[in-house]
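Chemist: got a sequence here, can you build the structure:
(chains A and B)
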Amino acid sequence: MAEASARGTGIIIKNLYKIFGKNPQAYIEAVRNGMSKTELNAEHGHVLGLKDINIDMPAGCIQVVMGLSGSGKSTLIRHINRLIDPTAGEVLVDDTDVVKMNENELRQFRRHKTAMVFQKFALLPHRTVLENAVYGLEIQGVPREKQLEAAGRWIARVGLEGFEDNYPNQLSGGMQQRVGLARALTNDAPILLMDEAFSALDPLIRMDMQSVLLDLQKEIKKTVVFITHDLDEALRLGDRIAILRDGEIVQQGTGQDIVLKPADDYISSFVKEVNRGRVIMVDTIMTSDMRNGGTGLPSVATGTILEHAARIMSEEHVSEIHVHDDKGKPIGHIDMQAVISAMVTPISHETRQEAAE
Amino acid sequence: MDWLYRFPHMDDSTLTALKKSIDGGFRAFTRAYGDAIESFFDPLQYFLIHSERFMTTTPWPIIIALIAAIAWFASRNWKIVASAIITLLLIGFFDMWNDTMKTVSMIFVCTVLSIAVGIPIGILMSRSDRLQSLINPVLDVMQTMPSFVYLIPVVMLLGIGRVPGLIAVVVYAIPPIIRLTNLGIRLVDKDVLEAADAFGSSNWQRLKNVQMPLALPTIMAGINQTIMMALAMVVIASMIGVQGLGQPVLKAIANQYFTLGMFNGLAIVGIAIIFDRTSQAYGKRLQKHLETVHG
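Modeler: Below you'll find the predicted structure:
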């Protein structure tokens, strides 16, 4: 934790349960002892929203929570700023349990520690872009000049300069979500919660917004919790990814882990459609067997994706390439054969998928 | 089989006794507390008299200019301003200026009072379903009970004059503003409210920054309705001594003066149209931010 607090604010979710219904506390023990979602719903009329969620979100990273609709991902993100109260469990931010906060502490926590971006933008329609952006600071009671200065800076940073006096309805969806982003960033909180923030946008604009976010994140280094139903988006943005299904986490790890070692058929069915060349890095498949002593071949840095390595190989008309570390020292070697076999979906996934269908 | 054809009702002497005792009780209540209640409404009396004095003693060109200016700032529409001026000039030309000013003053005070009482009640109602289910039937009674019926206790308590008239008008005219404030706040987009919560708004900030501004167009529709209903009530209120356009109408009914009734009736219609167009245009202007939708 000492390390985490030095870098920013991490979030630790421990044993979080959420049961929707009239008397959730009555069933929490039964669910802990293994009552299934179907049984709870059919026999007791309660809905199991989240079951035993444990996630450690390190400070300054983008944590993606991925799941299809009904998987509980939007419920989960609302537990972090307690827009939804959990039935049991802890949400630790800076060693403080958000679940135990009283009304006033919670309000202060929301004002100073978190900012949120919403799927449907949720802008204030009667306020201009600028007035929307200052909202967080305004309710904190920050002096007006500081509000305007911060808001102006972030509006420019997300590319909305010149639109300060427009109303949200005068903007396109992509631009409205930029306002949402500017509003959240102006709040200058260490945690940024993004609930399917780009899902309502069309694909090109979505890619564009993802780039904006990645670009910003290099600079702001916030703890971002990003909810999505799109695995490509998850892999592109996520330092770490948690996959949610029916209120349970089925797999957690880096994008590499999930693509290379899907935990079950459910995940491999997603992973099948992924462009592996853009996810898998050269580190994963390189061999430390150094031919030619690491010279005489083109070289790529660690962390390069396979697609990029393959492009260099074909441009240079070679079938092998070296991998070097950040200091330029050769540390590994890959050949075209390895790249191709890593980029095509392994047969095992295909058959597992067909078997599952 | 007689009971099938004649509804078996409470026997006559009991019924008379019941009515007598309720009447007696209320009369006793009036004797005991009438003065206290009357003095409670003194500030209203003061407000009414001053507003009426202002409207009737200020030179007419100033009043016309004032109304034209209000119409302009509310609507930003020269057509509405022009028709307001023409209507007022016609009213003056047909010698109804004084009565009209008294009515306008009465409507003004009624509207201010209805807003001051109605909006807070509407806000409270929007926050609690229980309160809503308690207040709604009361509003139903206020709107459907024939106005003559509640004039009786008001007159018994406060006598004849401006204040009982004011109360009768407000009772009749306040339901729309309460209902529409409640409705407007309840219709505010849940997503936007969630966003306001997520940024840590207090209840008051939520009300001030999100709920009231977004409910305002609906509330304006309520104010508009309240003004219209107050105008409709003015004639009935003249029966208990409210001065203004209602009294000549009453006189016209009693004596079958067709033209007198017609002129004064038209004057009421005229100012109703001015108020309606102006307040509607203002309500529309409040929604300006919703107009230009991005395709």
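
Chemist: low-confidence regions, the chain specifically.
Modeler: Reading this off chain A. Across chain A, residues meeting the criterion (pLDDT under 70) sit at A:1-7, A:290-295, A:346-357.

Chemist: my bad, the chain I had in mind was chain B
Modeler: Counting by pLDDT under 70, chain B contains low-confidence residues at B:290-295.

Chemist: okay, strands next: where are they in the stretch 51-200 of chain A?
Modeler: Assigned by DSSP state E, counting those that start in this stretch, the strands in the stretch 51-200 of chain A fall at A:62-66, A:88-93, A:96-97, A:114-117, A:191-195.

Chemist: JSON lines for the ones you listed, including mean neighbour count and distance to A:I331?
Modeler: Where C-beta positions appear, they are placed from N, C-alpha and C, glycine not excepted. Output for the strands of the stretch 51-200 of chain A, formatted as JSON lines (neighbours: other C-beta atoms under 10 Å in any protein chain shown; distance: least, C-beta to C-beta, whole Å):
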{"stretch": "strand A:62-66", "mean neighbour count": "24", "distance to A:I331": "27"}
{"stretch": "strand A:88-93", "mean neighbour count": "19", "distance to A:I331": "38"}
{"stretch": "strand A:96-97", "mean neighbour count": "13", "distance to A:I331": "42"}
{"stretch": "strand A:114-117", "mean neighbour count": "28", "distance to A:I331": "39"}
{"stretch": "strand A:191-195", "mean neighbour count": "24", "distance to A:I331": "35"}
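
Chemist: okay, these in TSV with distance to chain B next?
Modeler: Listed next are the strands of the stretch 51-200 of chain A as TSV, based on distance: least, C-beta to the nearest C-beta, whole Å:
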stretch	distance to chain B
strand A:62-66	17
strand A:88-93	14
strand A:96-97	15
strand A:114-117	4
strand A:191-195	8
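
Chemist: quick one: which of those strands is nearest A:K14?
Modeler: Closest approach to A:K14 among the strands of the stretch 51-200 of chain A (C-beta to C-beta): strand A:88-93, 4.4 Å.

Chemist: just to revisit the earlier point, can I get the strands of the stretch 51-200 of chain A in CSV with distance to B:I174?
Modeler: Converted to CSV, the strands of the stretch 51-200 of chain A look like this (distance: least, C-beta to C-beta, whole Å):
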stretch, distance to B:I174
strand A:62-66, 50
strand A:88-93, 47
strand A:96-97, 48
strand A:114-117, 39
strand A:191-195, 41
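
Chemist: nearest to B:A71, out of the ones you listed?
Modeler: strand A:114-117 (43.4 Å).

Chemist: how distant is that closest one from the center of its chain?
Modeler: 13 Å (C-alpha atoms, centre = their mean, to the nearest Å).

Chemist: helices or strands up against that strand?
Modeler: helix A:173-186, strand A:191-195, helix B:190-198 (3 or more C-beta pairs under 8 Å, 6 or more residues apart in numbering or on different chains; DSSP states H and E).

Chemist: need the contact partners of that strand.
Modeler: For strand A:114-117, the external contacting residues (C-beta atoms under 8 Å, 6 or more residues apart in numbering or on different chains) are A:80-81, A:136, A:177, A:180-181, A:183-185, A:187-189, A:191-195, A:197, B:195, B:198-199.

Chemist: hang on, the earlier thing: so which of the helices and strands packed on strand A:114-117 is nearest B:Q143?
Modeler: helix B:190-198 (29.6 Å).

Chemist: what residues sit buried inside the following helix or strand past the closest one?
Modeler: Next along the chain after helix B:190-198, taking DSSP states H and E as the criterion, comes helix B:203-206. Of the residues in helix B:203-206, B:Q205, B:R206 count as buried by neighbour count, 16 or more other C-beta atoms under 10 Å in any protein chain shown.
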